[in-house]
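S.K.: Sequence first, predicted model second:
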Amino acid sequence: MITKEELKERLKITTAKIKFQKMDQSTREMHCTLSAKYLPESKDFNEKKSKIKPENPDNITVWDLEKSAWRSFRVNSILNYSFQSI
């Protein structure tokens, strides 16, 4: 299983298809990234994020390329994943 740190580092340089189990036990596949190439421009993102809520150590927040929105999921809920070339 991939760690949160490994996943974050890979997503900074590529995109991924990640299938995971949601809290309601349904599954979801998401095309996501943390690559600056795809992230929305926001000068105050880190400041705003810290004001919203503290980071959950079990979750990872990513940019959903299909929904054009920030989404998060539990790393231990990943069922499978594949990295894609940018």
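M.R.: That came through, no problem.
S.K.: Which residue ranges of the protein form strands?
M.R.: Remark: strands assigned in the chain by DSSP state E are 15-21, 27-33, 59-64, 69-74, 78-84.
S.K.: Using JSON lines, lay out these together with mean neighbour count and mean pLDDT.
M.R.: Quick note: C-beta positions are derived from backbone N, CA and C, even for glycine. Converted to JSON lines, these look like this (neighbours: other CB atoms under 10 Å; pLDDT from 0 to 100):
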{"stretch": "strand 15-21", "mean neighbour count": "18", "mean pLDDT": "98"}
{"stretch": "strand 27-33", "mean neighbour count": "17", "mean pLDDT": "98"}
{"stretch": "strand 59-64", "mean neighbour count": "18", "mean pLDDT": "96"}
{"stretch": "strand 69-74", "mean neighbour count": "14", "mean pLDDT": "95"}
{"stretch": "strand 78-84", "mean neighbour count": "13", "mean pLDDT": "96"}
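S.K.: So which of those is nearest Leu7?
M.R.: Leu7 lies closest to strand 59-64 among these, at 6.1 Å (CB to CB).
S.K.: for that closest one, the distance to its chain's centre please.
M.R.: 2 Å (CA atoms, centre = their mean, to the nearest Å).
S.K.: any chance of the strands of the chain in a markdown table, plus distance to Met1?
M.R.: Shown next, in a markdown table, are the strands of the chain (distance: least, CB to CB, whole Å):
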| stretch | distance to Met1 |
| --- | --- |
| strand 15-21 | 12 |
| strand 27-33 | 17 |
| strand 59-64 | 13 |
| strand 69-74 | 12 |
| strand 78-84 | 7 |
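S.K.: so which of these comes closest to Lys4?
M.R.: Closest approach to Lys4 among the strands of the chain is made by strand 59-64 (5.6 Å; CB to CB).
S.K.: where does Lys37 sit relative to Val75, distance-wise?
M.R.: From Lys37 over to Val75 the distance is 23 Å, taken as CB to CB, to the nearest Å.
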